[in-house]
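Novice: I would like to see how this sequence folds:
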Amino acid sequence: MSTVRVNGVDLHVQVLTPTGVADPPTAVLLHGLATDSMASWYFTMAYPLVERGFRVVLLDLRGHGRSERPALGYALGDFVDDLDGLLDGPGPFLLLGNSFGGTVAFAYAARHPGKVSGVVSIESSPPTPVWFARLTNRLSQLAEAVSRPRTLVAVGAKRGARGTQRAQEAARLLAETSVREELPASRLPSRAQLQAITCPVLCLYGDRSHVVEMAPETQRLMPQAALRVFTGQKHSLLVDQPEDVRAAITSWMRTARLGGHDA
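Specialist: As a prediction, the model looks like this:
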């Protein structure tokens with residue numbers, strides 16, 4: 001396990017480097033909120049990107065996985081600051097985000113448009129007021145589940161032992177931190193800042209997830225965004241359909257000419 005001290009917080013970081021590639025491009029994988037960790041990317045997309053010649057950076061966001069869980073510091077800007085501190089080079093970086101990780105990726109690109117070569121968003125949205133209203137509702141639902149442990153366990157058990165562990169991690173995050181108060185009150189990028197993201201963008205959705213309803217607004221903000229909707233899939237698209245997700249990302253990367261090579 002590798003730990004990196006960023007903004008006073010110990011973050012669990014893993015870096016995978018391709019062999020025989022001089023100065024490889026960097027891909028950064030960002031996971032979702034509360035019930036997710038870098039594992040969802042590690043077992044689905046990390047090594048395929050390495051095989052394509054990318055240096056891959058994975059991290060557990062503050063409060064998640066094996067990273068430190070401070071009591072305070074859970075506004076969107078805090079997550080972007082962590083990414084800022086971790087990515088100390090000039091870039092450009094390819095950012096891939098699952099759920100809330102996609103929101104962090106868009107927020108970083110809004111702050112540093114010249115340092116991002118592309119954004120892949122899975123079941124996510126740019127940080128708009130409408131999207132944050134949905135995040136607030138989701139946090140309220142999780143908090144309600146935490147207040148009823150039997151309900152929380154039942155929800156997690158639907159996805160087996162791993163689901164139960166994730167539910168328990170979400171309960172600890174909500175009980176031990178200010179995320180429920182801080183995240184909804186985040187200062188968001190302006191519409192102009194989001195529209196200034198002109199790099200290639202790929203958005204993947206499941207048609208059985210409500211997140212797909214955010215697709216039209218995302219495309220209004222970023223007309224260059226390529227959208228793909230997977231039939232019969234829910235919010236857990238990345239974990240449930242890793243091969244189809246890999247194929248979609250790989251095809252888009254070729255079209256967008258985002259570095260790497262065909263392994």
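
Novice: Next, count neighbours for residue 225.
Specialist: 18 (other CB atoms under 10 Å). To be clear about C-beta, it is placed using only N, CA and C from the backbone, and glycine gets the same treatment.

Novice: before we move on, what about residue 239?
Specialist: 17.

Novice: give the contact list for the closest residue to it other than its chain neighbours.
Specialist: Closest residue to residue 239 apart from its sequence neighbours, by CB to CB, 6 or more residues apart in numbering: residue 40 at 5.6 Å. Shown in contact with residue 40 (CB atoms under 8 Å, 6 or more residues apart in numbering): 31, 32, 98, 238, 239.

Novice: Kindly recompute the last result at 7 Å.
Specialist: 31, 98, 238, 239 (CB atoms under 7 Å, 6 or more residues apart in numbering).

Novice: Lowest-scoring secondary structure element of the chain by mean pLDDT?
Specialist: helix 149-157 (a mean of 53; mean pLDDT, DSSP states H and E).

Novice: For the next helix or strand after that one, list every residue counted as buried.
Specialist: Following helix 149-157 in sequence order, the next helix or strand is helix 160-176 (DSSP states H and E). Within helix 160-176, the residues scored as buried using 16 or more other CB atoms under 10 Å are 163, 164, 166, 167, 168, 169, 170, 171, 173, 174.

Novice: Then stretch 86-98?
Specialist: Buried-residue list, stretch 86-98, by 16+ other CB under 10 Å: 87, 92, 93, 94, 95, 96, 97, 98.

Novice: Cross the residues you listed against strands and list the overlap.
Specialist: 93, 94, 95, 96, 97, 98 (DSSP state E).

Novice: check contacts around the spatially closest residue to the third one that is not a sequence neighbour.
Specialist: Nearest in space to residue 95, with sequence neighbours left out and distances taken as CB to CB, 6+ apart, is residue 105 at 3.9 Å. Residue 105 makes contacts with 30, 95, 97, 119, 121, as judged by CB under 7 Å, 6+ apart.

Novice: any idea how far residue 105 is from residue 4?
Specialist: Relative to residue 4, residue 105 is positioned 19 Å away (CB to CB, to the nearest Å).

Novice: thinking again about what came up before, with distance to residue 256 added, can I get the buried residues of stretch 86-98 in TSV?
Specialist: Shown next, in TSV, are the buried residues of stretch 86-98 (distance: CB to CB, whole Å):
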residue	distance to residue 256
87	20
92	12
93	14
94	10
95	13
96	13
97	16
98	19
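
Novice: ok so, going back, minimum pLDDT in the contacts of residue 40, which residue is that?
Specialist: Lowest pLDDT among these: residue 239, with 95.
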